[in-house]
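**Q** Return atomic coordinates for the entry below.
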Amino acid sequence: MAQKSIKGRAIADMLAENPGKSNDWDEIDERIYLVSPDKWTMYFDGAVNLSGSGTGAVLISPECQHYPVAAKLVFPCTNNISEYEACIIGLQLAIDMKVRKLQVYGDSALIIRQTDGEWQTRDVKLIPYHEYLEDLVKEFDEISFDYLPRSQNQFADALATLSSMLQVTDGLSVDPLQIDVLKKPAYCLMIEEEPDCQP
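**A** Numbering: from 1, shown residues only. Below is the predicted model:
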């Protein structure tokens, strides 16, 4: 009998002997998303550190094409303001690209909950951001916001951190970022194979 069959049988036996309570599914706090073929995804993050402030967002097409955008913030701001700025630049990019259906993920519970209407926006500095965000949301046929832990928001986090640390001059623009996946060290790619005619 194959190893996989034995393991599968052991798991099936264990589940049969320990069926659990009928309401176990009520305890699961996960959402299952059905992504339509024309729905885009956006991740956003803001960063404030000793070097400065920055934003990062990445828009992902249904075909998995990534469109990153980042901005250095050269005005005093809090982390919550940088998060709002990041969400806004991502939404503006989506609007410019004529996206109609969008799933938005961010690691700012404040912005996600305020946009969903679960929390009120009380900070006077954030009210104009929230109102502008609400105006942008109206541009979409379908849009939803969900919280994502920072560990699962790495690309947007990296963009925000990078943009916050850069010392930039006015008008600086960086061409689209290309990230390659290297499966071998760079020096191995330089070694050329020489035919020796030996078996």
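**Q** The chain: helices as residue ranges?
**A** Ranges of helices within the chain are 3-17, 79-96, 109-116, 127-137, 154-165, 186-189, based on DSSP state H.
**Q** in stretch 118-138, what's buried?
**A** Buried residues in stretch 118-138, counted by 16 or more other C-beta atoms under 10 Å: Thr121, Leu126, Tyr129, His130, Leu133, Leu136. Any C-beta I mention is one placed from the backbone N, CA and C, and that applies to glycine too.
**Q** any idea of the mean pLDDT for stretch 86-98?
**A** Mean pLDDT, stretch 86-98: 96.
**Q** what's near enough to touch the nearest residue to Val48 once chain neighbours are set aside?
**A** Distances taken as C-beta to C-beta, 6 or more residues apart in numbering put Asn79 closest to Val48, at 4.7 Å, once the chain neighbours are dropped. Counting by C-beta atoms under 8 Å, 6 or more residues apart in numbering, Asn79 touches Gly46, Ala47, Val48.
**Q** rerun that using 10 Å as the cut-off
**A** Neighbouring residues of Asn79 by C-beta atoms under 10 Å, 6 or more residues apart in numbering: Gly46, Ala47, Val48, Asn49, Ser53, Ser108, Leu110.
**Q** Now compare these and name the two farthest from each other.
**A** The most widely separated members of these, counting by C-beta to C-beta, are Asn49 and Leu110 (18.6 Å).
**Q** who has more neighbours, these two?
**A** Per other C-beta atoms under 10 Å, whichever of Asn49 and Leu110 has more neighbours is Leu110, with 18 against 13.
**Q** So the more buried one sits against Phe145, correct?
**A** No - assessed by C-beta atoms under 10 Å, Leu110 is found out of contact with Phe145, at 11.5 Å.
**Q** Can you give me the neighbour number for Leu148?
**A** By other C-beta under 10 Å, the residues close to Leu148 number 17.
**Q** OK, contacts around it?
**A** If you count contacts by C-beta under 10 Å, 6+ apart, Leu148 has them with Tyr43, Phe44, Asp45, Val104, Tyr105, Gly106, Asp107, Ser108, Ile112, Ala156.
**Q** go on, Ser144?
**A** Contacts of Ser144 (C-beta under 10 Å, 6+ apart): Arg31, Tyr33, Lys39, Lys101, Leu102, Gln103, Val104, Tyr105, Ile112, Thr115, Asp116, Val137.
**Q** For the fifth one, give me its contacts.
**A** Contacts for Leu102 (C-beta under 10 Å, 6+ apart) come out as 39-42, 59, 90-91, 94-95, 137, 139-145.
**Q** Quick check: bridge partners of it?
**A** According to DSSP bridges, the partner residues bridging Leu102 are Trp40, Ile143.
**Q** Which pLDDT value belongs to it?
**A** pLDDT recorded at Leu102 is 97.
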